[in-house]
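K.L.:
Build me a model:
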Amino acid sequence: MTKLVVSIQKHWLEITIVALLLLTFGTVRMVTASQQQTIIFDEAYWVPDAIIARAEHIDPEPAQPPLVVAIMEEGENLFGNNFAGWRFFSVIAGTLGLLFFYLICRKLALSILPSLISTGLMGISSLYWFYAGHGLSDIFLVVFSMAGLLCYLQFRDYKAGIAAGAATAAKIMGALSVWTLMILALFEGKIKLVFQIMLASIAGYFIICELAYIFINHTFINVFLETYKVLLYTAGAFNLSGVWESPFMWFIKYRVGLYTDGTLMGFQYVIWLCVLPLMLYALWRAIHGNLTGKVVISWMIGFYFTWCLVSGVIGRGSYYYYELMLFPAVYLAMGLALDKLWRFTNI
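P.N.:
Here you go, the predicted model:
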């Protein structure tokens, strides 16, 4: 306790700034999310599923694991069948995601100002802002993935795998977070940790899914059979929209959409132009042994290039809105570059 008090006294200004940033983001996003009274994008599926789950005690969603439906149902229990209920925990997740990202930056020894700037820019980026205020699964995937990375950096043990298992229980693509952490452990030469992460993520996934099914259905469900159904659906998903394309196109052509609430979807243009230079810089730093560079490259290999490979093998396209899962790597690379500039100008 004494160490905690001393740490708070030492870093009180930083803690105050971060707390104000999170409070502002969470409050403003909750207000705007509640005021936006339109079902948008895949809320057309998630919202009815949550309503049915609460009313009939079944999970009608065969396309994804049950965790997000269970979370949205709890939102309904707290606030009713309305936009506040469906979106409340998305706002909470988005706010926690910014905290996790900032802590990751600081754990990687980035300076305070570059960490604050990169965290703030990610928070106000169009895609993160959108998902942090709507009843959709993607924000939970990304936030649990960042929680897994934070656990990895803090503990270097199985806890990172459990968080990655939660990311998978939120959306099946969260399995890429498991692979990402395993790649990072390989880069660090921690072979034992690779197997710890893999086994913990599998156990975490099935336990969390079973608990979610019990919460929804009020009884045990065969989680292995349900996972098999999810995998079949994912492999067989087909083109439903003109924005469906190969993920290779994300960094080749500028893709952006506009939702009915006026939200801009996709990488903002300036950020999109910076992605390749930032990734090259992170690669250069990783080659020279920098841990932040290794984290960025591991995330890009685990999430982006693996998804490109899987997408090509099974012939499944992607919405460019899936770019959200790359945001932690992009803004962490930005923080790395800003940190270098900050240290250079303060020599």
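K.L.:
Please make it C-alpha for all contacts and neighbour counts, starting now.
P.N.:
Fine.
K.L.:
Tell me how many other residues crowd Phe305.
P.N.:
14 (other CA atoms under 10 Å).
K.L.:
Can I take it that it is in a helix?
P.N.:
Yes: under DSSP: H, G, I helix; E, B strand; the rest coil, Phe305 falls within a helix.
K.L.:
Just list the residues touching it, thanks.
P.N.:
By CA atoms under 8 Å, 6 or more residues apart in numbering, Phe305 lies in contact with nothing.
K.L.:
Please apply the same query to the one 3 residues further on.
P.N.:
When contacts are counted by CA under 8 Å, 6+ apart, Cys308 touches Ser246, Pro247, Phe248.
K.L.:
Wait, the second one touches Leu326, no?
P.N.:
No: Pro247 lies out of contact with Leu326 (CA atoms under 8 Å); the separation is 11.4 Å.
K.L.:
before we move on, back to that, looking at the contacts of Cys308, which is nearest Gln196?
P.N.:
Using CA to CA, Pro247 comes nearest to Gln196 of those, at 30.1 Å.
K.L.:
Does Ser34 touch Trp86 like I think?
P.N.:
No: using CA under 8 Å, Ser34 is not in contact with Trp86, being 9.3 Å away.
K.L.:
Looking at those two, which is more packed in?
P.N.:
Trp86 (31 against 18).
K.L.:
Please report the distance of that one from Gly75.
P.N.:
Look at Trp86 and Gly75: by CA to CA, to the nearest Å, they are 6 Å apart.
K.L.:
can you pull the contacts of Phe248?
P.N.:
Contact analysis of Phe248 by CA under 8 Å, 6+ apart lists Cys308.
K.L.:
you'd agree it is in a helix?
P.N.:
Yes: with three-state DSSP as the criterion, Phe248 is assigned to a helix.
K.L.:
Against Ala333, how distant is it?
P.N.:
Going from Phe248 to Ala333 by CA to CA gives 20 Å.
K.L.:
Quick check: Ala200 touching Asp157?
P.N.:
No: taking contacts as CA under 8 Å, Ala200 lies outside contact range of Asp157: 9.3 Å.
K.L.:
what do Pro247 and Leu326 both touch?
P.N.:
Tyr304.
K.L.:
neighbour count winner among the two?
P.N.:
Using other CA under 10 Å as the criterion, Pro247 and Leu326 rank with Pro247 on top: 22 against 16.
K.L.:
Show the low-confidence segments of the stretch 151-300 of the chain, by residue range.
P.N.:
Scanning the stretch 151-300 of the chain for pLDDT under 70 picks out the ranges 235-245, 255-266.
K.L.:
show me where it has helices.
P.N.:
For the stretch 151-300 of the chain, the helices defined by DSSP state H, counting those that start in this stretch cover 159-170, 175-187, 191-217, 223-236, 269-287, 291-299.
K.L.:
Pull the residues that contact the last one.
P.N.:
Applying CA under 8 Å, 6+ apart, the external contacts of helix 291-299 come out as 108, 177, 180-181, 183-184, 187, 279, 282-287, 326, 329-330, 332-333, 336.
K.L.:
Strands of this structure, start to end?
P.N.:
Counting by DSSP state E, one finds strands in the chain at the ranges 244-245, 257-258, 264-265, 318-319.
K.L.:
could the helices of the stretch 151-300 of the chain be laid out in CSV, adding mean neighbour count?
P.N.:
Below are those laid out as CSV (neighbours: other CA atoms under 10 Å):
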stretch, mean neighbour count
helix 159-170, 31
helix 175-187, 24
helix 191-217, 21
helix 223-236, 15
helix 269-287, 16
helix 291-299, 25
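K.L.:
Could you export those helices as CSV, including distance to Asp59?
P.N.:
Formatted as CSV, those follow (distance: least, CA to CA, whole Å):
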stretch, distance to Asp59
helix 159-170, 14
helix 175-187, 21
helix 191-217, 7
helix 223-236, 10
helix 269-287, 38
helix 291-299, 31
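K.L.:
Can you list the buried residues in stretch 55-73?
P.N.:
Across stretch 55-73, burial judged by 16 or more other CA atoms under 10 Å covers 57-73.
K.L.:
next one: it to chain centre, how far?
P.N.:
The gap between where stretch 55-73 is centred and where its chain is centred comes out at 19 Å by CA atoms, centre = their mean, to the nearest Å.
K.L.:
Perfect, I'm done here.
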